[in-house]
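A predicted structure for the sequence below; I have some questions about it.
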Amino acid sequence: GESVGLHLPTLSVQEGDNSIINCAYSNSASDYFIWYKQESGKGPQFIIDIRSNMDKRQGQRVTVLLNKTVKHLSLQIAATQPGDSAVYFCAEIFNDMRFGAGTRLTVKP
Amino acid sequence: DGGITQSPKYLFRKEGQNVTLSCEQNLNHDAMYWYRQDPGQGLRLIYYSQIVNDFQKGDIAEGYSVSREKKESFPLTVTSAQKNPTAFYLCASGTLNGYTFGSGTRLTVV
C-alpha cells in the first residue's frame, strides 16, 4: 500500500482544545486498526484499537472512528495536554501490520 | 515482566559490514515484525513472521535478512547490500489481541 514512508504532516493545537488526527488506510480487507503514539527516540505506544465490525470506540480522553466506506480512521483527543505532543500513527492489520504516514501533534500551552 | 527487548540501543557499522539486530519477546506472541524509520518519516515494513520457521518480505526487504528459529526471537541482519542502512529500527510482536513494540535500535554507518 501507499500509506507508508511519507514526510509527516503537522497539527498544532492549544492546550485544552480537542484534537482530531486523520489517517487513510489502503487495504479494504484490513480487519483490525490501532493508533500509536511515538515520542522522539522511542518505540510506538499503543493508544486505542478498533476492529472492522465497529465504527467507534472510546477510551480515556480518546475516541477512534472508523469509516470503512472511504477507508478512513480518525483519532480524537479531548482536552489536549502538553504531554500529548508526539507523532501519531495509525496501523492497519490484515496478514501484516502496515502504518499510515503519521501526524506530528504539537500542543501549545 | 513480559515484554519485547531490542539490543543494542545504538549500533555503529562500517561500510561493507553485516550487522545483526536482536529482538526477543517473552509475550508468547506468534507474529513478529521489523520496521525501519527514517527521520521525520513513518514506519516501513522490512520483514514479518507469523510463525516459527516462516517469514515474509515486507515493502523494503532488499539488503536485509531474518530468521525465526525460535518463537521468542526474530533477529534482523543488515547486510552490506543495504546501501543506506542508517536508520531507527523497530521490532514488534503481536497477536489478534494487540501488538507491542520494542524501544528500537539506532544504526549508524560510519
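The structure has been received and is ready for your questions.

beta-bridge partners for the residue nearest to the spatial centre of chain B, please?
By C-alpha atoms, centre = their mean, the mean C-alpha position of chain B lies nearest to B:Trp34, the distance being 3.4 Å. Beta-bridge partners of B:Trp34, counted by DSSP bridges, are B:Tyr47, B:Cys91.

and if you look at A:Thr10?
A:Arg104.

could you pull up the residues touching it?
A:103-106 (C-beta atoms under 8 Å, 6 or more residues apart in numbering or on different chains). Yep, even glycine has a C-beta here, placed from its N, CA and C like the rest.

cool, A:Gln76 as well?
Going by C-beta under 8 Å, 6+ apart, A:Gln76 touches A:18-21, A:62-65.

B:Thr95: which of those is nearest?
Relative to B:Thr95, the closest of these is A:Val64; by C-beta to C-beta it sits at 19.6 Å.

I figured the closest one hits A:Tyr88, correct?
No: the criterion here is C-beta atoms under 8 Å, and A:Val64 misses it with A:Tyr88 at 11.1 Å.

overlap in contacts of those two?
Both A:Val64 and A:Tyr88 are contacted by A:35, A:75, under the criterion C-beta under 8 Å, 6+ apart.

how much space separates the nearest residue to A:Tyr25 once chain neighbours are set aside from chain B?
Distances taken as C-beta to C-beta, 6 or more residues apart in numbering or on different chains place A:Glu92 nearest to A:Tyr25, at 4.2 Å, with adjacent residues excluded. According to C-beta to the nearest C-beta, to the nearest Å, A:Glu92 and chain B sit 11 Å apart.

which element is A:Glu92 on?
Assigned by DSSP states H and E, A:Glu92 belongs to strand A:86-93.

quick check: bridge partners of the residue in chain B positioned nearest to chain A?
Closest approach of chain B to chain A (C-beta to the nearest C-beta) occurs at B:Phe101, with a separation of 3.6 Å. Judged by DSSP bridges, the bridge partners of B:Phe101 are B:Ala92.

before we move on, the earlier item: now, among the contacts of A:Thr10, which is nearest to B:Phe55?
Of all those, B:Phe55 sits closest to A:Thr103, with 30.5 Å by C-beta to C-beta.
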